[in-house]
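A.B. asks: the sequence and its predicted three-dimensional model are supplied below.
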Amino acid sequence: MATPSDATVPTLSNSSSNTLSSSNSMSDSSGNNSLSSRNNENQGRLSDSECEPPRKRSKISIDSASVDGQISTTTSHDYLDMLPQRTCDWTDHHLFCLNISISESCTSSFEVFTNGYTNFLKDPLNEICSLSGLIEFLYGPSSDVKEAKYQCCLNAFNILSVDGSNLFESQDILLLRQLKCELEKPYNQTEFGKWMEYYVFGKDRDLKDFITNTCRGIHLRLKDFCGQLLYMIPNGKEECTEGMYQELFLLFLRIFDIKVRGYKNFPSSPPTVRVGDIEVTSVPDALIYKDSEYPSEGDKILAVVKITDVRKEHLDSNLKGQLVGDMLAALPRSVFHNNGMYGIIVQGTEVTLAALSVGKKYYENLQEGSLKEATSSVRYSKPLNFLKKCERNELIRLFVDMKAMMEKLG
């Protein structure tokens, strides 16, 4: 029987200074101004095949931006005039123009996750949830139910013997087929069902009932996840589409009973964000949400998801800009109000967690088109592959915690 691992309790601390990503053309304030202008214009312009329609020019200014702890005064309405009207055309250059600093110093998804809600709930007068109450709920001694769910998910995936970065390795294909046959058995006859009977021994009735219901649900959803893997493999790596990877990741999330909708299930009116005179539209690949207490208010969003089948060594400029643009557009419906929200980038089978910390002042200034000295920041974790056992285990902890958080935020 697996021994429940002790959850690590996060340490509350002030957010560290973030590294602001900026273009080389902004680094020399005493250089040739006309050359800098041309360089920045080239960076913000769309390709000829994706040229934007004409629009009203915005009079937006940023009085200052912090770069590595130093303040450089600049007027950037020229750059924001070129802000694309679709977040799918954004890059990290546009984030710089919006006073959003980028940090990739975090190495774990747990650090990004805890740092995120610490910033979102740091105001003791917030109307969402007390920070200390959330930490107690997630990692306190009374979190037996959450720990039991973690053990159920962990052991369900331990039966999934796939442990490699390549979805199309022949050995993994054979193991998947064997697993599919195992999952087709009646639940009580599966290895997972037998493990559950051993795990619930000696536990009180309520916890035993919770574990039984949780494991049965995981078993059904794991079968769907493995079915999608087996569907993708015969197509070959080159023939697998972004839609296939999207379906695979959404099925992975649902194993943890997380509510998520793909883009085909969105309302006809896409999320938008107003930047001065510019209205920017967004169509994220998926949204992690919780049902609102009042249906007329619409769902509350915990995270925006961006999915691609392309895997690069690091997050590229486009993915960073597109995800943050989607997060800003979804911010009015965030479970954390205008304080911020989470984002997820999926590149094939690798998952990167992001946390965007905003605040009421910044969002109001963004809509007015005058950021003044208001700033925001975004943090990214290292990527984790949900087909690799050691990396998948960290993601299991993350998504079990995320599901528990959604329940606490009520």
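C.D. replies: Great, that's in hand.
A.B. asks: every contact and neighbour count from this point should use C-alpha atoms.
C.D. replies: Noted.
A.B. asks: gap between T349 and H219?
C.D. replies: Distance from T349 to H219, counting by Cα to Cα, to the nearest Å: 21 Å.
A.B. asks: where does the stretch 251-400 of the chain dip in pLDDT?
C.D. replies: The stretch 251-400 of the chain contains residues with pLDDT under 70 at 267-269, 293-297, 311-314.
A.B. asks: now the strands for it?
C.D. replies: Remark: strands assigned in the stretch 251-400 of the chain by DSSP state E, counting those that start in this stretch are 260-262, 272-275, 278-281, 286-290, 300-308, 340-347, 350-357, 370-372, 376-380, 384-385.
A.B. asks: so for V162, which of those strands sits nearest?
C.D. replies: strand 384-385 (11.6 Å; Cα to Cα).
A.B. asks: in its sheet, which strands sit next to that closest one, and in what direction?
C.D. replies: Strand 384-385 has its sheet partners listed here by DSSP bridges as strand 350-357 (antiparallel).
A.B. asks: could you count how many residues lie near K259?
C.D. replies: By other Cα atoms under 10 Å, the residues close to K259 number 18.
A.B. asks: residues touching it, list them.
C.D. replies: 253, 288-290 (Cα atoms under 8 Å, 6 or more residues apart in numbering).
A.B. asks: closest one of those to D401?
C.D. replies: Distance to D401 across the contacts of K259 (Cα to Cα) is lowest for L253, with 12.3 Å.
A.B. asks: contacts only, for the closest one.
C.D. replies: 259-260, 399.
A.B. asks: if we can go back for a sec, would you show me how to pick out the buried ones of the contacts of K259 in PyMOL?
C.D. replies: PyMOL command restricting the contacts of K259 to the buried ones, with burial defined by 16 or more other Cα atoms under 10 Å:
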select buried, resi 253+288+289+290
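A.B. asks: R254: how many residues sit nearby?
C.D. replies: Quick note: R254 (other Cα under 10 Å) scores 18 neighbours.
A.B. asks: who's in contact with it?
C.D. replies: Contacts of R254 by Cα under 8 Å, 6+ apart are 221, 260.
A.B. asks: one more: I173?
C.D. replies: With Cα under 8 Å, 6+ apart, I173 has these contacts: 230, 233.
A.B. asks: pretty sure it is in a helix, no?
C.D. replies: Yes - assigned with DSSP: H, G, I helix; E, B strand; the rest coil, I173 falls within a helix.
A.B. asks: any idea of the pLDDT on it?
C.D. replies: Predicted confidence (pLDDT) for I173: 72.
A.B. asks: T91 against L323, yeah?
C.D. replies: No - with contact defined as Cα atoms under 8 Å, T91 does not count as touching L323 (9.2 Å).
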